[in-house]
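Visitor: Build me a model:
(chains A and B)
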Amino acid sequence: NAGVTQTPKFRVLKTGQSMTLLCAQDMNHEYMYWYRQDPGMGLRLIHYSVGEGTTAKGEVPDGYNVSRLKKQNFLLGLESAAPSQTSVYFCASSYSRRGHNNEQFFGPGTRLTVL
Amino acid sequence: DQQVKQNSPSLSVQEGRISILNCDYTNSMFDYFLWYKKYPAEGPTFLISISSIKDKNEDGRFTVFLNKSAKHLSLHIVPSQPGDSAVYFCAASAGYSSASKIIFGSGTRLSIRP
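Guide: Numbering: from 1, shown residues only, chains lettered A, B, ... in the order given. Reported below is the predicted structural model:
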């Protein structure tokens, strides 16, 4: 049981390049989330998904796209990377609603630098 | 406009003493509160939570207190141990109408000194 895994762990991009971050969970969770963590700002929700084939915008969605083609995977895409997207990205998953204390399970993070 | 605020970026406590981490929120619709703990190079892990119908929840050395009238919650760790050194995030969520979106505070770095 690997929990939540993220690929890659580190990445350096040049401005304008594109990339996809992959998140996978093996806990059969319905909900999945992408956050970014910046110094002094905690974790901010980018996009989330309440089930396979559905996605929704979070607090800071601009410049990102997501897809949830399979229940266990949630992809975060940057079409044209900007230096402001330099951050640590965390994926998380959870059971639906409040049956399990709203607890979200986080992956280890992806450190992205955009030059 | 931060809805969940942790005004102390860092806290240093002697091993064996009590650690008290504070959190304030502004949104009166929040009805569920959580604390997460994060070690360097790892993702946050859930620590303890409390529903707004309670004012206290205890789990071993960890106790969370909620003061709804003051829109304030705190995490008490007794006794503090070296392994408690980490960043602690306060978080809050509201309602049943959407996914369990959680709003996080900016975190408090707790250091336990020998």
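
Visitor: Next up, the contacts around B:Leu34.
Guide: A:101-103, B:46-50, B:90-93, B:102 (C-beta atoms under 8 Å, 6 or more residues apart in numbering or on different chains). Every residue, glycine included, has its C-beta placed from N, CA and C.

Visitor: which one of those is nearest A:Arg11?
Guide: When the contacts of B:Leu34 are compared for distance to A:Arg11 (C-beta to C-beta), B:Ile102 wins out at 25.7 Å.

Visitor: how many neighbours does that closest one have?
Guide: 26 (other C-beta atoms under 10 Å in any protein chain shown).

Visitor: Return the distance of it relative to chain A.
Guide: 7 Å (C-beta to the nearest C-beta, to the nearest Å).

Visitor: which residues touch that residue?
Guide: Contact criterion C-beta under 8 Å, 6+ apart gives A:Leu45, A:Asn102, A:Gln104, B:Leu34, B:Ala91, B:Ala92, B:Ser93 as the residues in contact with B:Ile102.

Visitor: Which of the contacts of B:Leu34 fall in helices?
Guide: Per DSSP state H, helices hold no members of these.

Visitor: In strands, which of those appear?
Guide: Applying DSSP state E to the contacts of B:Leu34, the entries found in strands are B:Phe46, B:Leu47, B:Ile48, B:Ser49, B:Ile50, B:Cys90, B:Ala91, B:Ala92, B:Ser93.

Visitor: Name the member of the contacts of B:Ile102 with the most neighbours.
Guide: Result: A:Gln104 is most packed of the contacts of B:Ile102 (other C-beta under 10 Å), 29 neighbours.

Visitor: Which parts of chain A are strands?
Guide: A:4-7, A:10-13, A:19-25, A:31-37, A:43-51, A:54-57, A:65-67, A:73-78, A:87-94, A:105-106, A:110-114.

Visitor: So which elements touch the first one?
Guide: So that's strand A:4-7. Packing partners of strand A:4-7 (3 or more C-beta pairs under 8 Å, 6 or more residues apart in numbering or on different chains; DSSP states H and E): strand A:19-25, strand A:87-94.

Visitor: picking that back up, return the closest of the contacts of B:Ile102 with respect to A:Thr86.
Guide: Among those, and counting by C-beta to C-beta, the member closest to A:Thr86 is A:Leu45, at 18.1 Å.

Visitor: Now do the contacts for that closest one.
Guide: A:Tyr33, A:Trp34, A:Tyr35, A:Gly58, A:Glu59, A:Val60, B:Lys101, B:Ile102 are the contacts of A:Leu45 under C-beta under 8 Å, 6+ apart.

Visitor: Farthest pair within those?
Guide: Farthest pair in the contacts of A:Leu45, by C-beta to C-beta: A:Val60 and B:Ile102, 14.2 Å.

Visitor: what's the nearest residue to the residue of chain B found nearest chain A if we skip its chain neighbours?
Guide: Nearest residue of chain B to chain A (C-beta to the nearest C-beta) works out as B:Gly43 at 3.1 Å. Closest residue to B:Gly43 apart from its sequence neighbours, by C-beta to C-beta, 6 or more residues apart in numbering or on different chains: A:Phe106 at 3.1 Å.

Visitor: Right, I'll call it a day here.
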